[in-house]
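>>> dropping a prediction and its sequence here:
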Amino acid sequence: MADISKIHTISDLAAFCKRKGFVFPSAEIYGGFSGFFDYGPLGIELKENIKKDWWKTFVQSRQDVIGIDGSAITNPKVLEASGHVAGFNDLLVDCKKCKFRERADHLIEDLLKIPAEHLSAKQIQKLIEKHKIKCPKCKGPLSEPKQYNTMFKTYVGPVEQDSSVAYLRPETAQSIFSNFELIQKSSRAQLPFGIAQIGKAFRNEISPRDFLFRMREFEQMELEFFTHPKKINDCPFYNDIQTSSVNMLSAEMQNKGKNHKAMTIKSAVIKKIIKNRWHAYWLYSQYQWFLNLGINPKNLRIREHKKEELAHYAKACFDLEYKFPFGWKELQGMADRGQFDLSQHGKYSGKEITFFDQAKQEHVVPYVAAEPSQGLDRAFLAFLIDAYTVEKDRVVLKLNPKLAPIKIAIFPLVNKDKLPEVAMKIYNLLKDKYPIFYDTSGSIGRRYRRMDESGTPFCLTIDHDTLKDKAVTVRHRDSMKQKRVKIKDLETYFLKLI
Ligand SMILES: [Zn+2]
């Protein structure tokens, strides 16, 4: 029943998140702050659970991926080498009359309903003239599109001068590249291997929009997977996944105006939609991670970038897209970055970054065959949208128990007759294993509804029979079915379910 049409707009979801304590506008008492959000008591738990599962799946439970945590402000030379200082630009138009500002590509996308992120200033200017596009606020004339660097600038040290300029990182990836040798040598990792990082990134968006979708401060979960440049197809996991199927929208299908369709990984590789096997493997793994945590397959697809969309560093790129209430949009980007970044940092730092291939006795520049780069806040949004369900007389968040902020709620039926004492004993029995909410206020029906909206998968009620049969009623969130379980069996009961 999880149906995204149940959320009419993204602002309905924002209102729900505020009411329940998932997410608040930042500093709301001062009117909020556009593009910034604060996670509340339930939000922080959901967000941490998403991070934990991603880290456990892609780092801790693998032999071939290691993690780091880089600084958010780094030596500005790193961002010069990566191309961000010169080229991390969006195009901006402003109204000559009322000074309204908007990202030029968003204006085109909104008005003409065509993808415009990859268009040049010239192409956008042509479209503005052709379609006589005016200011959406006052119908005044628009300026020509101008380049605008979206990195946040700051000064390091007490003097604000050109030589002390630095930037808040616009992506976490760069500290993986600039530290590559230190990481590889200290961990003695051998190709192929990946380096992962979860951390904040910052982009000074001209017009943040769609709640958590486009923020100025956000969090990324990124992984750079390095291979020997001649072994980008030597993926030992490929055979296990090649017959699995994904929703695929290739560049060619987009050019022909077609919709995505189910396709096996193998057939995407044979048709050369996916160009190397490691890339195929990582696309599938990330796609499957979302499905394992409860995303409806109907709402997920892999879209190949068209040639004109490719970033300067990418040989190929795909987006994992989710069907948001405002359309199919990027959840995760995954480029084949080739040797671009390590070569650039080699050039700019004057210290070549290589890996020594023992077998061939030669130095090679490792090849980034895949770069799963996930916006954590977007994943948070997608899990919430998919879980949010309106039923006849309740709103329920059908979150995967792994992600649920609170796993179990404990209710003594009445706040007397020794029931709270028994309930407290059960609370103490389980509290070190699961986040638990203890609630004595209001009718049981009301307590259930509150927990449904928080996504809590199980509620335990302690009633007068408990004193006799040493059992409690366990109520399941999704089915609302109830089961009598002996207190002594509770631990093993939940172990199986959570
Ligand atoms: Zn205007």
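Right, received. Where do you want to start? Just so we're clear, the structure is a prediction, and the values are computed from it rather than from any experiment.
>>> switch to C-alpha atoms for all contacts and neighbour counts from now on
OK.
>>> quickly find the element holding Asp234.
According to DSSP states H and E, Asp234 maps onto no helix or strand at all.
>>> test my guess that it contacts Ala280.
No - counting by C-alpha atoms under 8 Å, Asp234 does not reach Ala280; the two are 11.5 Å apart.
>>> which of the two has more residues huddled nearby?
Legend: neighbour count by other C-alpha atoms under 10 Å for Asp234 and Ala280, higher for Ala280 (23 against 14).
>>> number of residues surrounding the residue lying closest to the more buried one once chain neighbours are set aside?
Spatial nearest neighbour of Ala280, excluding adjacent residues (C-alpha to C-alpha, 6 or more residues apart in numbering): Ile274 at 6.2 Å. Here the number of neighbours of Ile274 (other C-alpha under 10 Å) works out to 23.
>>> OK, contacts around the residue of the stretch 251-400 of the chain found nearest the ion?
Residue nearest to the ion within the stretch 251-400 of the chain: Phe326 (24.7 Å; C-alpha to the ion). When contacts are counted by C-alpha atoms under 8 Å, 6 or more residues apart in numbering, Phe326 is found next to Thr9, Ile10.
>>> so what pLDDT did it get?
Listed pLDDT for Phe326 reads 90.
>>> likewise Val396?
With respect to pLDDT, Val396 has a value of 96.
>>> repeat for Glu309
Reported pLDDT for Glu309: 86.
>>> now the one 10 residues further on
We have a pLDDT of 96 for Asp319.
>>> got a list of what it touches?
Neighbour list for Asp319: Ile302, Arg303, Glu304, His305, Glu330, Leu331, Gln332, Gly333, Met334 [criterion: C-alpha under 8 Å, 6+ apart].
>>> just the buried ones from the residues you listed, in ChimeraX syntax?
Selection of the buried residues among the contacts of Asp319 in ChimeraX, burial being defined by 16 or more other C-alpha atoms under 10 Å:
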select :302,303,304,305,330,331,332,333,334
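>>> in strands, which of the contacts of Asp319 fall?
Judged by DSSP state E, the contacts of Asp319 include Ile302, Arg303, Glu304, Glu330, Leu331, Gln332, Gly333, Met334 as members of strands.
>>> Phe24 sits in which helix or strand?
Applying DSSP H and E as the criterion places Phe24 in strand 23-25.
>>> farthest pair in the ones in strands among the contacts of Asp319?
Using C-alpha to C-alpha, the pair of the ones in strands among the contacts of Asp319 lying farthest apart is Glu304 and Leu331, separated by 13.3 Å.
>>> just to revisit the earlier point, who touches the strand holding Phe24?
Contacting residues not belonging to strand 23-25 are listed as Ala14, Cys17, Lys18, Gly32, Phe33, Phe36, Phe37, Asp38, Tyr39, Gly40, Gly43 [C-alpha under 8 Å, 6+ apart].
>>> pLDDT weak spots in the protein?
1-7 (pLDDT under 70).
>>> now the end-to-end length of stretch 207-220.
Distance between the two ends of stretch 207-220: 20 Å, counting by C-alpha to C-alpha, to the nearest Å.
>>> just the element for Phe290, please.
Using DSSP H and E, Phe290 sits within helix 277-292.
>>> report the distance from that helix to the chain centre.
Helix 277-292 sits 14 Å away from the centroid of its parent chain (C-alpha atoms, centre = their mean, to the nearest Å).
>>> using CSV, write out every CA atom in it.
Output in CSV follows, covering the C-alpha atoms of helix 277-292 (Å, rounded to 0.1, in the frame of the first residue of the first chain):
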residue,chain,number,x,y,z
ARG,A,277,32.2,-5.0,-15.1
TRP,A,278,33.2,-3.3,-11.9
HIS,A,279,30.9,-0.4,-12.7
ALA,A,280,28.1,-3.0,-13.4
TYR,A,281,28.8,-4.6,-10.1
TRP,A,282,28.7,-1.4,-8.1
LEU,A,283,25.6,-0.1,-9.8
TYR,A,284,23.8,-3.3,-9.0
SER,A,285,25.0,-3.4,-5.3
GLN,A,286,23.8,0.1,-4.6
TYR,A,287,20.5,-0.5,-6.3
GLN,A,288,20.0,-3.7,-4.3
TRP,A,289,20.9,-1.9,-1.1
PHE,A,290,17.9,0.4,-1.5
LEU,A,291,15.6,-2.6,-2.3
ASN,A,292,16.8,-4.6,0.7
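>>> mind giving me the packing neighbours of that helix?
Counting by 3 or more C-alpha pairs under 8 Å, 6 or more residues apart in numbering; DSSP states H and E, the packing neighbours recorded for helix 277-292 are helix 238-241, helix 265-270, strand 367-375.
>>> quick one: closest of those to Thr492.
helix 238-241 (32.4 Å).
>>> which positions within that closest one qualify as buried?
Buried residues in helix 238-241 (16+ other C-alpha under 10 Å): Tyr238.
>>> neighbouring strands - and their directions - for the helix or strand following that helix?
Sequence order places strand 245-249 as the next helix or strand after helix 238-241, per DSSP H and E. Sheet pairing of strand 245-249 (DSSP bridges) gives strand 261-264 (antiparallel), strand 300-304 (parallel).
>>> and strand 245-249, how far out from the chain middle?
Centroid displacement of strand 245-249 relative to its chain, using C-alpha atoms, centre = their mean, is 19 Å.
>>> can you list the residues of this structure near the ion?
Within reach of the ion by C-alpha under 5 Å from the ion, the chain has these residues: Cys95, Cys98, Cys135, Lys137, Cys138, Gly140.
>>> my guess is Asp90 is in a strand, correct?
Yes - Asp90 forms part of a strand when assessed by DSSP: H, G, I helix; E, B strand; the rest coil.
>>> what helix or strand does the nearest residue to it once chain neighbours are set aside sit in?
Counting by C-alpha to C-alpha, 6+ apart, Asp90 lies nearest to Tyr148, which is 5.3 Å off, once chain neighbours are set aside. Element membership of Tyr148, judged by DSSP H and E, is strand 146-149.
>>> again with Lys231
Using DSSP H and E, no helix or strand contains Lys231.
>>> that older thread, go through the helix holding Phe290 and flag the buried ones.
277-288, 290.
>>> ok, now stretch 464-473?
Going by 16+ other C-alpha under 10 Å, stretch 464-473 has these buried residues: Thr466, Ala471, Val472, Thr473.
>>> OK, contacts around the second one?
Okay, so that is Ala471. By C-alpha under 8 Å, 6+ apart, the contact set of Ala471 is Ile462, Asp465, Arg484, Val485, Lys486, Ile487.
>>> what values do phi and psi take at it?
Here is the backbone geometry of Ala471 (degrees, to the nearest 10): phi -130, psi 160.
>>> I'd guess Ala196 is in a strand, am I close?
Yes - applying three-state DSSP, one finds Ala196 inside a strand.
>>> what bridges to it?
Gly67, Leu223.
>>> which residues touch stretch 149-156?
With C-alpha under 8 Å, 6+ apart, stretch 149-156 has contacts from 85, 87-90, 161, 164-170, 202-206.
>>> please state the offset of it from the chain centre?
For stretch 149-156, the distance to the chain centre is 24 Å (C-alpha atoms, centre = their mean).
>>> can I get it in CSV? Just the C-alpha atoms.
Output of stretch 149-156 as CSV, limited to C-alpha atoms (Å, rounded to 0.1, in the frame of the first residue of the first chain):
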residue,chain,number,x,y,z
ASN,A,149,30.8,29.3,-8.4
THR,A,150,28.8,27.4,-5.9
MET,A,151,31.5,26.6,-3.4
PHE,A,152,31.3,28.3,0.0
LYS,A,153,34.3,30.6,0.5
THR,A,154,35.9,31.3,3.8
TYR,A,155,39.1,32.7,5.2
VAL,A,156,41.6,30.7,7.3
